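> based on what follows, work out the 3D shape:
(4 chains)
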There are 4 protein chains.
Amino acid sequence: MDFASDNAAGASPLVLEALLAANHGAVPAYGSDPYSTRAKTMLNDVFEREVTAFFVTTGTAANALALGALCPPWGAIFGHHHAHIANDECGAPEMFTAGAKLVGIDGPTAKISPDAFRTTLKDFPVGTVRQVQPGALSLSQATECGTLYACDEIATLSDIAHGAGMPVHMDGARFANALVALGCTPAQMSWKAGVDVLSFGATKNGTFACEAVIFFDSEKAKNFAYQCKRGGHTLSKGRLLGAQMAAYLENDHWLDLARSANAHASDLAAGLKGIPGVRLAWDAPANQIFAILPRAADEALKRAGARYYDWGSRGHATSQALAPDEVFIRLVTSFATEAEAVRLFVSIVREAVA
Amino acid sequence: MDFASDNAAGASPLVLEALLAANHGAVPAYGSDPYSTRAKTMLNDVFEREVTAFFVTTGTAANALALGALCPPWGAIFGHHHAHIANDECGAPEMFTAGAKLVGIDGPTAKISPDAFRTTLKDFPVGTVRQVQPGALSLSQATECGTLYACDEIATLSDIAHGAGMPVHMDGARFANALVALGCTPAQMSWKAGVDVLSFGATKNGTFACEAVIFFDSEKAKNFAYQCKRGGHTLSKGRLLGAQMAAYLENDHWLDLARSANAHASDLAAGLKGIPGVRLAWDAPANQIFAILPRAADEALKRAGARYYDWGSRGHATSQALAPDEVFIRLVTSFATEAEAVRLFVSIVREAVA
Amino acid sequence: MDFASDNAAGASPLVLEALLAANHGAVPAYGSDPYSTRAKTMLNDVFEREVTAFFVTTGTAANALALGALCPPWGAIFGHHHAHIANDECGAPEMFTAGAKLVGIDGPTAKISPDAFRTTLKDFPVGTVRQVQPGALSLSQATECGTLYACDEIATLSDIAHGAGMPVHMDGARFANALVALGCTPAQMSWKAGVDVLSFGATKNGTFACEAVIFFDSEKAKNFAYQCKRGGHTLSKGRLLGAQMAAYLENDHWLDLARSANAHASDLAAGLKGIPGVRLAWDAPANQIFAILPRAADEALKRAGARYYDWGSRGHATSQALAPDEVFIRLVTSFATEAEAVRLFVSIVREAVA
Amino acid sequence: MDFASDNAAGASPLVLEALLAANHGAVPAYGSDPYSTRAKTMLNDVFEREVTAFFVTTGTAANALALGALCPPWGAIFGHHHAHIANDECGAPEMFTAGAKLVGIDGPTAKISPDAFRTTLKDFPVGTVRQVQPGALSLSQATECGTLYACDEIATLSDIAHGAGMPVHMDGARFANALVALGCTPAQMSWKAGVDVLSFGATKNGTFACEAVIFFDSEKAKNFAYQCKRGGHTLSKGRLLGAQMAAYLENDHWLDLARSANAHASDLAAGLKGIPGVRLAWDAPANQIFAILPRAADEALKRAGARYYDWGSRGHATSQALAPDEVFIRLVTSFATEAEAVRLFVSIVREAVA
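Residues are numbered from 1 along each chain as shown, chains lettered A, B, ... in the order given. The predicted model follows:
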């Protein structure tokens, strides 16, 4: 019953098999191997256009490198107060931009409100030398609260950003989970909605350590190879990344994995919703569930060895009034979640509450 | 016949097996997994003392992060003119130190000469505000020219550095190859000779992507976890690194791999040395061979599909007088080199020359 | 009638005279001149203890360099949302810290609330690798809203910061104005209240371009000379700074200048307060006045050539309900303000309202 | 007898007078004052074209900011091994470029040799990801050895740089001294010879603290105001800089000052050349003289209180064979040098040698 993180599992068996298969023989180093080349071609197909893609091992690297390619040191990166880039990357975006400023924007359940974005932008007039300048917008899809932007919501925010002269970055650590929940195409959820650079996450959804930074505007990628190398993010045995990504994409494996994770989350939500005294904090249609439980249920779960985060302590839950005997938790499912774990979890809560 | 780089192979089969075995079940993320813990304990044994170790995916990351932990932005990092940190990392040390200055020192075959080091140090007087201050010494073992520092040579350079108030970093991308060539212990070649922080390479010698940054002074490591995270170098599925390193160290697998690579290099050298018109540029006892061949041999090798670097073009060979019809090449062997490739290579040269 | 900024005037005549007097003859460069030495000795007297002082030309440099000496790249600098370091220095603190993160804290009229500080600190647990670590607290005295921290309020915030392992910086761009308003000693308002490093402003209060960075803990200053030089902030003809600062401090000239500026502000406030339809937004006891005027008065003032900032547009006034025909303005006085300008300003408002 | 540095004097009386005159009344802050505007217009005249100019207080700031505008973090800045940017700015160029690499080029008497430049460039192939990329060329005019590039020599180096896709920076800390020695126009010695950005020094030649960064390509200056502000280099009372620069340029005052400094140097050289046992190290036609004296003369000078640098210790004199009883010194004259000091210096040497 590990619902703490979609990083707790290893790699999907198909990805691992591909790694095994890719291990034989000598191939060119530093990303010029046939596995990486093939994975890049597959991404063109996935996004229905030519893209410029780079593979790195962590989501923090993908985000920070992408922002470093978009935003100058004297720029402001606009993102939600709760965004991963703001709170969970120990200043990596600041490092890779050589000191840009992250500006937090409000909005319910970790979604940037267009009005709040417009209002915040007024504090950063173009040409006012004493202030950092509009640098980039960064959206998380899915968000830290497991919520999703509809494609037209992405387009609205992108339009505001572009209107202010800024490119748009999407932190897609859970891109696949969002995609299958929305039922749209990768193109619709990214470049067709105005996204310029995408951190295309794969690690949480089945690879061992592989993310793609995908540029829809190749001009913005022109120095990216240097930025990666300089950041220590150019693997010598690049096939490690290329083979993972190719296997991840092959035969829509990535979508199958995400559907499985989402289905488990949906089952969890459905199971919990029906229990008296248990509430879901908000609608979260991908692979994260935010629930408010009686403390007795929390204690029973922990006795049974269940793992998950107490979300209240992260300050994300301020809009939720908790009774003194309630706890606010986050549950994350992944491709590796087992149906039995979901059933067990729900039944423990039900019994504890009864 | 791939002698271009020890990055051209994949992982050793034992390392890959370990990855497979480590893939099952949920374990804590971000390096708190049992595989990483075990690998760290094994490193204590290897170095005959408690060490503080961190695992990253690339040698550039290991070096740049290590130097970032040792040298302030206003510091000078002393290293050989030909060092990897100076020429092959696209400024990563500058990035991770927030702008330190790399100062090149002379010495034959990429080994820092103690006299040249002492002379250079005079140009960086402590307390002279207009100049960057002594920050760190970085040694490569083995060097870019495949040569080795004897343990007492390391100690001599470390003493000079420590006397100037500087810590000592060792770039051990080929630590294992150097170690088995010298026949000393890991402790003797590192902390007992004054090394404070070691980039302990494993990727070139059998892992897929895993290097350890090893601190012999834990005080210098106190902020290293933040520096790694901030650099995007903290893998969420940390077992990928821990499992590789544990398998690499287990039952002295790493030493076996290095001995195999070195033996192939030694066979290559022996084979070439006996051919008229072929010279070895200098004695290189680990897994890199530097040879001067008649152009006819070079052409025959290339026709046969052999891969290796033309070393003359890298400016490392200025002390070698080449005849117009000679080429200066580097040959690198690895754990994956096959004896047949060595034999074939030598025979092609012999025939071309004959 | 220039109330736009205390940067609009030149230097006080005594400061200028001192510059003239200091111009003759050859003296050592780079701050080793007798003028700088004398000014540093005078600062020891002013602060009733030995201090380590450096002179720079701008407040932004003083703040950014000071923070760069206190906070590592992976650190958080806590300050009020409205602080100058956060909004008016184009990312200088981020640059000089190599990428630290500025974290905004709430509190009325630009004063940090101790409770809000304590609450915010909970989001930055020591040792949590994914987050930047407590780095420094920065207080502005006087604040951006012209308000003041009492000495015991400074001590309370310093205690919280020190308890979290952080040093305390004070942005004293208007240190003198705050000091004479509070009627305490420089020591009481700084190190006796827990301040570790002070940006001791002088430019707004009578020098041409001179600020001191004053360390009360000389250990924290040990690399500061390098940090200044590296930032381009070490003047070759250092007497330019030393002579200004010595003249500024001599015979309490600086206190006289600040008393004059504050008295003009007080007269302005008193004059405006008595006019029907005019409100002062809050009590501001130093040299900045925040007033809400009928638009007619604003228009009459502008016709008469008066200069001042529309403060509403800076987002600092959100707690103030403005009627549609009201404007929210900031008025700043300086040592160079003339009593006649104050009288004229008040009379124009009075007439416009009548 | 102060020949240690052209930073030992204060400001020229005309510059100081202008400061006095500029002190009255309120003017806009942050460089929008009429003095700065006028000085910029005068620079257009000086350079016979429209230029984009910014004023800062130090040469280090001018150089580092200029290079920060030209060279990306993954770039190489090519300059002579002895250049001020490489040895005397404590890593400021590295800081303002966020970590670019300074690459030293050889050439006699601190002048870059075109052949050495071409050869060095071969080590930095465009597109080779493991290496920093050609970023900028920086020339010093006059050089650290007091030598000068003829205009066509500048053009030759600029052509090589431009051919490699790099802009050209000139460190003109002693631009005026070089200009009057060559007898050419400012335009000929800068943009007509291919210089893209010029650090136009004035501090060593008569201002108190004022340098201009002059862009001949305004596109490269588009973010420079942010870069200055962020570096703490935007003076609030900008008239301090504008007034100095305007006075410096007015009626060719700057050329008069430089002619005076150069004439003193020429007198020194002529006086010393005639003394048996005294040698000039090389021809240095501006305001720095490099001489080799018998130790007895050195001792007599020091007893008489003369100040100058022992140049041998800076490693610039390696090509000069010194006898054991000889010393290698640098003598710098300035606008403030007195003819009597020159005469006295020469006579002391003559007597000591006799």
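
> who are the contact partners of the residue nearest to A:Ser113 when sequence neighbours are not counted?
The shortest distance from A:Ser113 to any non-neighbouring residue, by C-beta to C-beta, 6 or more residues apart in numbering or on different chains, is to A:Gly107 (3.6 Å). The way it works is simple: take the backbone N, C-alpha and C, and place the C-beta from them, glycine included. Residues near A:Gly107 by C-beta atoms under 8 Å, 6 or more residues apart in numbering or on different chains: A:His80, A:Ser113, A:Ala116.

> now restrict those residues to buried residues only.
A:His80, A:Ser113, A:Ala116 (16 or more other C-beta atoms under 10 Å in any protein chain shown).

> right, and the second one touches A:Thr120 too?
Same thing as A:Ser113. No - applying C-beta atoms under 8 Å as the test, A:Ser113 and A:Thr120 come out as separate, 9.8 Å apart.

> okay, and the common contacts of the two?
With C-beta under 8 Å, 6+ apart, A:Ser113 and A:Thr120 have common neighbours A:Ile105.

> for C:Glu50, see how far away the nearest residue to A:Ala225 once chain neighbours are set aside is.
Of all residues not flanking A:Ala225 in the chain, D:Val129 sits nearest, at 4.7 Å (C-beta to C-beta, 6+ apart). Using C-beta to C-beta, to the nearest Å, one gets 52 Å for the distance from D:Val129 to C:Glu50.

> tell me which of the two has more neighbours.
Neighbour comparison, D:Val129 and C:Glu50: the larger count goes to D:Val129, with 18 against 12 (by other C-beta atoms under 10 Å in any protein chain shown).

> picking up where we left off before, so which of the contacts of A:Gly107 belong to helices?
A:Ala116 (DSSP state H).

> hey, where'd the strands end up in the stretch 251-354 of chain A?
A:279-280, A:288-294, A:309-310, A:326-332 (DSSP state E, counting those that start in this stretch).

> quick one: which of those is nearest chain C?
Distance to chain C, taken as C-beta to the nearest C-beta, is lowest for strand A:309-310 among the strands of the stretch 251-354 of chain A, at 12.4 Å.

> just the buried residues of stretch A:99-110, please?
Buried residues in stretch A:99-110, defined by neighbour count with 16+ other C-beta under 10 Å: A:Gly99, A:Ala100, A:Lys101, A:Leu102, A:Val103, A:Gly104, A:Ile105, A:Gly107, A:Thr109, A:Ala110.

> could I get the strands of the stretch 251-354 of chain A as TSV with distance to B:Ser158, mean pLDDT and mean neighbour count?
Conversion of those to TSV gives the following (distance: least, C-beta to C-beta, whole Å; pLDDT from 0 to 100; neighbours: other C-beta atoms under 10 Å in any protein chain shown):
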stretch	distance to B:Ser158	mean pLDDT	mean neighbour count
strand A:279-280	61	94	15
strand A:288-294	51	95	24
strand A:309-310	46	91	14
strand A:326-332	48	95	23
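
> any chance of these in CSV, with distance to chain B too?
Below are the strands of the stretch 251-354 of chain A laid out as CSV (distance: least, C-beta to the nearest C-beta, whole Å):
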stretch, distance to chain B
strand A:279-280, 24
strand A:288-294, 15
strand A:309-310, 12
strand A:326-332, 11
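
> and the pLDDT at the spatially most central residue of chain A?
The structure's chain A has its C-alpha centroid closest to A:Ala173; by C-alpha atoms, centre = their mean the separation is 2.2 Å. Confidence at A:Ala173, expressed as pLDDT, is 98.

> show me what contacts it?
A:Gly59, A:His84, A:Ser140, A:Ser199, A:Gly201, A:Thr203, A:Lys204, A:Glu211 are the contacts of A:Ala173 under C-beta under 8 Å, 6+ apart.
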